[in-house]
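*Asks:* Got a sequence here, can you model it:
(one chain, ligands or ions: 1)
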Amino acid sequence: MKNECRVPVLLIIGRYILMKVGDLLSSAHEVDVVIIGAGLAGLAAALELQKRNISFVVLEASERPGGRVYSLQTKDRITIDLGAQWIEKEHVRMKKLLSQFGLKTVSTYKEGNSIYKFRDRVTKGKLPPLSASGYLDFLQFTVKLNKVSKALDSLEPWESEHAKDLDKITMEQFLLDHTYTASAGSVYKYLLEEMICCNLHEVSALDLLWCVKTAGSVNKFRNSEDIWIKDGVGMLVNKIAKRIEDRIYYRQPVTRITYEEGGASVKTMNGGCWKGKRVIVAIPPNLQAKIHYQPPLPFVRAQLLERSGLPSVIKAVIIYKKPFWREKGLSGIINSDTGPINETADSSPKDGRRGVLTVLITGDSARAEVNANEILAELVPFLGNEALEPLEVYLHNWSEQEWTRGGYGVHFAPGVLTSYGKALIDPVACIHWAGTETATEWRLFMEGAVQSGERAAFEVIEQIRC
Ligand SMILES: Cc1cc2nc3c(=O)[nH]c(=O)nc-3n(C[C@H](O)[C@H](O)[C@H](O)COP(=O)(O)OP(=O)(O)OC[C@H]3O[C@@H](n4cnc5c(N)ncnc54)[C@H](O)[C@@H]3O)c2cc1C
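*Replies:* From the prediction side, this is the model:
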């Protein structure tokens, strides 16, 4: 009799607990602004709102902040960046954040010769191997790129005078049309493909020239690997996340946004629900496309998102006992157009207590299966047999990451920007778009992510205050 009674009582208590948990999950928490994504864009937006005492919440799908920024500590307690790493002296917003959070930078080691492997020929030197005519051709193409990109409107490049012509052709075609020697053409093709993680024939000339425009010049766009952050970029995002820790929720993938002019309700995969007067979506466009919007997004915006895949990149970081290449008069920089290794750089700690070689595998090379042993073997002809004796190897394939699906940033195929570009940044009712893909300065860099987050925050502040 006693036991028979206990069963319904337990059932009632169980049902009550389930009901309360359900209530907690389904009842909406209200804030002024719901920010989706805790990458640099979402975090930069959050800092601006916090400064102005505007209530907000940051919903992050994964268990950490940073997104395409991802730092780790090795067994020897050396910090390495498996995602974004370098900044440039003109990245003013990033530099401001670094000084605000008390972080120091290191200049990239570039002494000694670099190694170039172009069209199966290996050379050493300070500059890529070019004949005198190839060198002149290289210079004239640099001038051409700067001139054409300068004429673009950085906010709305699709409205520029020659936008339609530039968006009709791939960047490969633009290169073929404006270079006259095979050597300059192939060196430039490599340098640009390395920067965009995909083939020039996949990308509109307008897209790439817009990136150049937002960086200021092609040299700034290509040479943006001057400085890195001593404790890793991860330290910066952790410090920002700490400052807003009671406002940030991890493991909360957003699946649905129900919106109107005056506000939105945002639902997560785990049943969470937040209501906000405004929403800032600070995730890459390919993942924005996976969210269910009610009402459906205007079709131009929806079709733009459907055309927004990220290219492929694998980043490897190899730890050696010491930076042995330096003793051979080498900078640790390798540029190769054949893969699997496309670029390497010396990221050793300043005190030289370990050698740290960063390896970037991009585009076609990143789409092919590659493992640590293949990478090490590939290094031998460039650096010698010591390359086969690492202490540790870290490999991160960004295409496999569910909440990114590639890197560095989205590039558009011909026709997309002139047909759909106008929907890239414009808010839809109370939804504002951030993320480095919407940047108009240093597009696709960390600097661009911060600029986009700040811009979206200012849009929202203006709406909330009026
Ligand atoms: C390998 C690699 C190397 C790079 N190197 C450099 C470099 O050296 N210098 C440089 O300036 N830039 C570099 N970049 C580019 C740089 O990382 C990006 O420009 C920048 O970090 C993008 O920030 P973001 O906030 O726009 O997007 P992200 O960093 O992608 O942040 C988006 C966030 O949203 C989250 N999210 C996604 N979907 C959802 C969802 N449905 N719900 C909730 N949250 C979601 C993600 O988990 C992520 O945290 C590199 C990128 C890669 C991949």
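
*Asks:* and whatever residue of the stretch 51-200 of the chain ends up closest to the ligand, how many neighbours?
*Replies:* Going by Cβ to the nearest ligand atom, the ligand is nearest to Gly67 of the stretch 51-200 of the chain, at 2.3 Å. C-beta coordinates here come from the backbone N, C-alpha and C atoms, glycine included. Neighbour count of Gly67, defined by other Cβ atoms under 10 Å: 29.

*Asks:* Backbone dihedrals for it, both of them.
*Replies:* phi 60, psi -110 (degrees, to the nearest 10).

*Asks:* Give me the three-state assignment for the closest residue to Gly339 other than its chain neighbours.
*Replies:* Spatial nearest neighbour of Gly339, chain neighbours left out: Ser365 (3.2 Å); criterion: Cβ to Cβ, 6 or more residues apart in numbering. Classification of Ser365 using DSSP: H, G, I helix; E, B strand; the rest coil returns helix.

*Asks:* Next, see if stretch 88-104 gets close to the ligand.
*Replies:* No - counting by Cβ under 6 Å from any ligand atom, the ligand is not contacted by stretch 88-104; separation bottoms out at 7.1 Å.

*Asks:* To clarify, my last question referred to stretch 421-434.
*Replies:* No - applying Cβ under 6 Å from any ligand atom, one finds stretch 421-434 separated from the ligand by no less than 6.9 Å.

*Asks:* tell me which residues of that stretch are tucked away?
*Replies:* Neighbour-count burial for stretch 421-434 flags Gly421, Ala423, Leu424, Ile425, Pro427, Val428, Ala429, Cys430, Ile431, His432, Trp433, Ala434 (criterion: 16 or more other Cβ atoms under 10 Å).

*Asks:* show me what contacts Asn113?
*Replies:* Neighbour list for Asn113: Lys124, Gly125, Lys126, Gly329, Leu330, Ser331 [criterion: Cβ atoms under 8 Å, 6 or more residues apart in numbering].

*Asks:* Could you look up the SS state of the spatially most central residue of the chain?
*Replies:* Residue closest to the mean C-alpha point of the chain, counted by Cα atoms, centre = their mean, is Tyr408 at 4.4 Å. With three-state DSSP as the basis, Tyr408 sits in coil.

*Asks:* Can you tell me the element Glu30 falls in?
*Replies:* strand 29-36 (DSSP states H and E).

*Asks:* Can you tell me what sits against that strand?
*Replies:* Defining contact as Cβ under 8 Å, 6+ apart, one finds that strand 29-36 is touched by 42, 45-46, 49, 54-59, 254, 264, 266, 273-283, 460, 464.

*Asks:* after it comes which helix or strand?
*Replies:* Toward the C-terminus, strand 29-36 is succeeded by helix 40-51 as the next helix or strand (DSSP H and E).

*Asks:* Any part of that following helix near the ligand?
*Replies:* Yes - Helix 40-51 is in contact with the ligand by Cβ under 6 Å from any ligand atom, via Leu40, Ala41, Gly42.

*Asks:* could you say what helices and strands that helix packs with?
*Replies:* Under the contact definition 3 or more Cβ pairs under 8 Å, 6 or more residues apart in numbering; DSSP states H and E, helix 40-51 sits against strand 29-36, strand 56-59, helix 233-243, helix 446-465.

*Asks:* near the ligand, which residues of the stretch 201-350 of the chain show up?
*Replies:* Applying Cβ under 6 Å from any ligand atom, we find that the stretch 201-350 of the chain lies next to the ligand at Pro253, Val254, Ala282, Ile283, Pro284, Leu287, Ile291, Val313, Lys315.

*Asks:* what about the closest residue to His396 other than its chain neighbours, how many neighbours?
*Replies:* Leaving aside its chain neighbours, His396 sits nearest to Leu82 (4.0 Å; criterion: Cβ to Cβ, 6+ apart). Residues lying near Leu82 (other Cβ under 10 Å) number 22.

*Asks:* can you pull the contacts of Leu82?
*Replies:* Tyr70, Ser71, Leu72, Lys315, Val317, Tyr394, His396.

*Asks:* what's the spacing between it and Val69?
*Replies:* 9 Å (Cβ to Cβ, to the nearest Å).

*Asks:* next one: Leu145
*Replies:* Going from Leu145 to Val69 by Cβ to Cβ gives 28 Å.
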